[in-house]
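In: following is a predicted model, sequence given first.
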Amino acid sequence: MAYQAGRQRSQPRPVPESPEAQAYLQDYAALLDAVSFPSVVFDHRWDVVLSNAAFETLFGGVGPHPTAMPGDNFLRFVLFHPDAATVLGDHEASWCLPMLAHFAAAVERDGQDRGLQSVRRDIAQDPIMEAAYRHGLPHWIRAVGQDAVQHDGAVRPLIHPDPRWGRTHCRIVDETPKNLQDMGYTRMTLVVRETRRGTSPPRGITRTRLGGTHLRVV
C-alpha cells in the first residue's frame, strides 16, 4: 500500500489533519488493497493519496522522473513523463487531452492554487504543449463533445506489463464515497478488460525517452 510509504517522493503526500479522517484512510487503504484492478485516490491537484498493489504493478516499469511519477501525481505523469505512452495507449487522444481538459476546469475553479499554478508553468515552458493547451484543446472539445472529457465510464487503451493482459482496454470507474468527497479526494479504478484489443499508434503529444515532445495531431 502506497499510503505514507517510506520511499523517497518528489512531493510530500497530502494527509488530512483530523485523526478521524486519517483513521478512515488507513481502513480505506486496506479496502483498496483488496481490489484486483489498479485503483488510486488523489486530491484536487491529482496528488496521489492512496494506491493499491495493482496500480503499482501497472506502472512499475516506468523510469524515474523528478516530478511526474504515477504514484506521486497522476496528472503530471500523464502530461510530462516520457514513459506515459508505454502504458497509456493512444496517449494523446485517450489520456492526455482529457486530462488537460480536467486540468483546465480545475484552473478555472481555483486558479490561485499553487500546485495547479506549478503545472500550468510547466505546460507554458513547452511551446508545443502550450499550443495544445491554449488552442488545440478547445478545438478538440468542440470536435468530440463534452462526453469525451469525462473519466467515469470511459473505455481507454492500456498496455499492461503483464503479458496475460498486454495491449487491452480498461474502463475508468469513479467510485468516490461521500467521506472521500468531503476530504476533497477522488477514487479512480481502471477495470482492465479480459478481451485484448489492438490500439492505434499514439497520436498527438508523444515523447521520446529523453523527454522531447512532438505534437502530431490535435
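Out: Perfect, thanks for sending it. Numbers count the residues shown, from 1 in each chain.
In: which residues touch the residue nearest to the spatial centre of the chain?
Out: Closest residue to the average C-alpha location of the chain: F74 at 3.5 Å, with Cα atoms, centre = their mean. Counting by Cβ atoms under 8 Å, 6 or more residues apart in numbering, F74 touches 40, 42, 46, 48, 188. Glycine gets a C-beta too; all of them are placed from N, C-alpha and C.
In: cool, W46 as well?
Out: Contact partners of W46, counting by Cβ under 8 Å, 6+ apart, are 73-76.
In: beyond whichever helix in the chain runs longest, next helix or strand please.
Out: Longest helix in the chain by number of residues (criterion: DSSP state H): helix 19-33. For helix 19-33, the following helix or strand on the C-terminal side (DSSP states H and E) is strand 39-42.
In: would you map the strands across this structure?
Out: Assigned by DSSP state E, the chain shows strands spanning 39-42, 48-51, 155-159, 167-174, 186-192, 205-207, 213-215.
In: which one of the contacts of W46 is nearest F103?
Out: L75 (6.1 Å; Cβ to Cβ).
In: return the residues in contact with the closest one.
Out: Neighbours of L75 in contact, by Cβ under 8 Å, 6+ apart: 45-46, 99, 102-103, 119.
In: and L180, by the same measure?
Out: 28, 41, 186-187.
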